[in-house]
Structure formats: structure tokens, C-alpha cells
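Enquirer: Kindly return the folded structure for what I paste below:
(one chain, ligands or ions: 1)
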Amino acid sequence: MAPPTTIHKFESEEQVAVALAIYILHLSVKSIAANGTFSVVLSGGTLIHTLRKLTEPPYVSSTDWSKWLIFFLDERVVPLDHPDSNYKLAYDGFLRKVSIPESNIYPIKEKLSPEEAADEYEERLKHLVANGTLKTSPTTGFAKFDLMLVGMGPEGHVASLFCWHFQRFEKKKWVTFITDSPKPPPRRITFTFPLINSADEIAMVVTGEDAADAVKVALGKHAADYYPLPVQKVSPEGGLTWFLDKEAASEL
Ligand SMILES: O=C1O[C@H](COP(=O)(O)O)[C@@H](O)[C@H](O)[C@H]1O
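Expert: Numbers count the residues shown, from 1 in each chain. Here you go, the predicted structure:
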């Protein structure tokens, strides 16, 4: 059954950033009360800039950062201090400004091949499930994160799951790899759809007019008539909430 889907449209990216901060903080309070932790998966790209309100008053003091656990939805296989690294982007734009313990942040391991990095990340997630740090979906057996913050490329890719690339059809692996990503850099690892869709909540955060056509395909009246874009496979066990600015929603 499709998850309950909520679509929020805002006049500006600034308003998206405020609403997103409030939504995330609300979930953090709920998850920390229920589980003692808040497991959050970050995309790279424009999402990180849109998280900026979380690092500012009054929002920054509205959560217990020591209970947050941070994971990466996809990552480029480059050193963690490389300008293409999603970890570096998240660290510079968000993580260094809040007091999440370093041991609660899970970047990829450096100096591995894409295949090794994907396998290592998957094993680490399985270990965290086994020791009770992460929950499991009773339906799928995959790890169940409290929240995934998912961006979307202008052609409808999410994570590093691209149109015309087989990784989007993966059914068994939790984390896979790609060595010919159409968007540079080519070598990446990525969560697979079964892992993504085992999440409690997913926020699709999409801003800017470049994304308008793919948003129309994903959410428009004739969505079912189109060949599914990767973004159309996003369907978490809990709720799906879209945060769109006026430009991204302009074709709806
Ligand atoms: O390459 C990537 O692209 C997507 C979308 O990025 P955006 O800049 O168009 O928002 C991003 O979600 C993903 O994490 C990243 O590796």
C-alpha cells in the first residue's frame, strides 16, 4: 500500500528551509522519546544548504543533538576532504555547526574500491542493527531509519540511483555501488530502494526550476503514464512528505 503522502509547496526556498527544520525537529523529539535516538540519513546536493535553519536560533537549541545518528544516503568514493565528498559537504554546511558526537556520524571508509566501500557500509549497518543501535523493518528485514532526507536530481535520480542504470532494481543488497555515474564523479556508493523504502519517514526536499519537470512526472496528474523515474520508486513504510518551493512545483 502506498504511504500517506503530504505535499507542501512554499513561495520560496527560505520558507522550505524553515518548514523543513520544524518538521525534522518534531520528528527528532518523537523518535528520541520513543527509541532514545534519532537516526537520520542525509543526501548530498542542495539539501545540505536547505538544512541551514537547523543550525540557527531558535531551532538549534530545540533538539538533543547528542541523540542524533547520521548516515549517508549515497557517497562519492573520494577522500572525505575532497570537494566532491557528500560527507565534506554535510560537515561544512551542517554537522560542524551542531553538537552531534563524532562517534554518532557514519561516513564511508576511505581508500576502498566502490565495491569494497559499499560492502563495508552494508556490514556496518548490519552490525548496528545486530547491536540494537538501529531498528529493523519487521516487513523487509532491512534497517529502518527514523528519517531519510532525500534530494532529487533534475532528471529524477535519488541517492545515486539513476535512470538507465541497473542499481535502481537491486532487491537484496542494502548498499550498492556504481562506477559510471552519469553525474560526476563516476565512482559512488548508494543505498538501494529496499533499504530506502524501509524507512519510517522520508522527506523529499526539492527546490529550483530545474527539478520542475521531474516533480511533474513524480506527482503530476499523469504520473502513471510515464516510465518510472527513480524518484517514483520512493515509497517508505511510514510517511512521505514533499517539500517544494514555487519553482520546483511550477509544473504541477
Ligand atoms: O549527486 C547527487 O545528486 C543528488 C541531487 O542533488 P541536487 O544538487 O540536485 O539536489 C543528491 O541528492 C545526491 O545525494 C548526490 O550524491
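Enquirer: C-alpha from now on. contacts and neighbour counts both.
Expert: Will do.
Enquirer: Flag every residue of the chain that's near the ligand.
Expert: By C-alpha under 6 Å from any ligand atom, the residues of the chain that approach the ligand are 43-47, 74-75, 150-153, 158-160.
Enquirer: Export those to CSV and append columns for secondary structure.
Expert: As requested, these are arranged in CSV below (DSSP: H, G, I helix; E, B strand; the rest coil):
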residue, secondary structure
43, coil
44, coil
45, coil
46, coil
47, helix
74, strand
75, strand
150, strand
151, coil
152, coil
153, coil
158, strand
159, coil
160, coil
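Enquirer: Who wins on neighbours among the residues you listed?
Expert: Neighbour counts for the residues of the chain next to the ligand, by other C-alpha atoms under 10 Å, peak at residue 160, which reaches 30 neighbours.
Enquirer: For it, which residues are in contact?
Expert: Contacts for residue 160 were tallied using C-alpha atoms under 8 Å, 6 or more residues apart in numbering; they are 74-75, 178, 181, 188-191.
Enquirer: Equivalent analysis for residue 126, please.
Expert: Residues in contact with residue 126, defined by C-alpha under 8 Å, 6+ apart, are residue 143.
Enquirer: which parts of the strand or helix carrying it are buried?
Expert: Under the assignment given by DSSP states H and E, the secondary-structure element containing residue 126 is helix 114-130. Within helix 114-130, the residues scored as buried using 16 or more other C-alpha atoms under 10 Å are 114-115, 117-122, 125-126, 129.
Enquirer: Kindly reformat the residues of the chain next to the ligand as CSV and extend each row with distance to residue 101.
Expert: Formatted as CSV, the entries for the residues of the chain next to the ligand read as follows, by distance: C-alpha to C-alpha, whole Å:
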residue, distance to residue 101
43, 19
44, 20
45, 23
46, 24
47, 21
74, 21
75, 20
150, 23
151, 25
152, 28
153, 30
158, 28
159, 25
160, 27
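Enquirer: what's the closest of the residues you listed to residue 199?
Expert: In terms of C-alpha to C-alpha, no member of the residues of the chain next to the ligand lies closer to residue 199 than residue 150, at 11.5 Å.
Enquirer: I'd like the distance between the spatially closest residue to the closest one that is not a sequence neighbour and residue 147.
Expert: By the measure of C-alpha to C-alpha, 6 or more residues apart in numbering, the closest residue to residue 150 outside its immediate chain neighbours is residue 204, 4.9 Å from it. Taken as C-alpha to C-alpha, to the nearest Å, the spacing of residue 204 relative to residue 147 amounts to 11 Å.
Enquirer: Residue 39 against residue 66, yeah?
Expert: No. Counting by C-alpha atoms under 8 Å, residue 39 does not reach residue 66; the two are 11.4 Å apart.
Enquirer: Do you have the strands of the stretch 101-250 of the chain handy? List them.
Expert: 135-136, 143-144, 147-150, 175-178, 188-191, 201-206, 239-245 (DSSP state E, counting those that start in this stretch).
Enquirer: Residue 5 is nearest to which of those strands?
Expert: Evaluated with C-alpha to C-alpha, the strands of the stretch 101-250 of the chain place strand 239-245 nearest to residue 5, the distance being 4.8 Å.
Enquirer: before we move on, the earlier item: looking at residue 204 and residue 147, which is more packed in?
Expert: residue 147 (24 against 21).
Enquirer: Identify the residues contacting that one.
Expert: With C-alpha under 8 Å, 6+ apart as the criterion, the residues that contact residue 147 are 27, 38-41, 199-203.
Enquirer: Those residues into JSON lines, with extra columns for distance to residue 234, pLDDT and neighbour count?
Expert: Formatted as JSON lines, the contacts of residue 147 follow (distance: C-alpha to C-alpha, whole Å; pLDDT from 0 to 100; neighbours: other C-alpha atoms under 10 Å):
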{"residue": "27", "distance to residue 234": "19", "pLDDT": "98", "neighbour count": "17"}
{"residue": "38", "distance to residue 234": "21", "pLDDT": "98", "neighbour count": "25"}
{"residue": "39", "distance to residue 234": "18", "pLDDT": "98", "neighbour count": "25"}
{"residue": "40", "distance to residue 234": "16", "pLDDT": "98", "neighbour count": "22"}
{"residue": "41", "distance to residue 234": "14", "pLDDT": "98", "neighbour count": "22"}
{"residue": "199", "distance to residue 234": "10", "pLDDT": "97", "neighbour count": "27"}
{"residue": "200", "distance to residue 234": "12", "pLDDT": "96", "neighbour count": "17"}
{"residue": "201", "distance to residue 234": "11", "pLDDT": "97", "neighbour count": "24"}
{"residue": "202", "distance to residue 234": "8", "pLDDT": "98", "neighbour count": "27"}
{"residue": "203", "distance to residue 234": "10", "pLDDT": "98", "neighbour count": "22"}
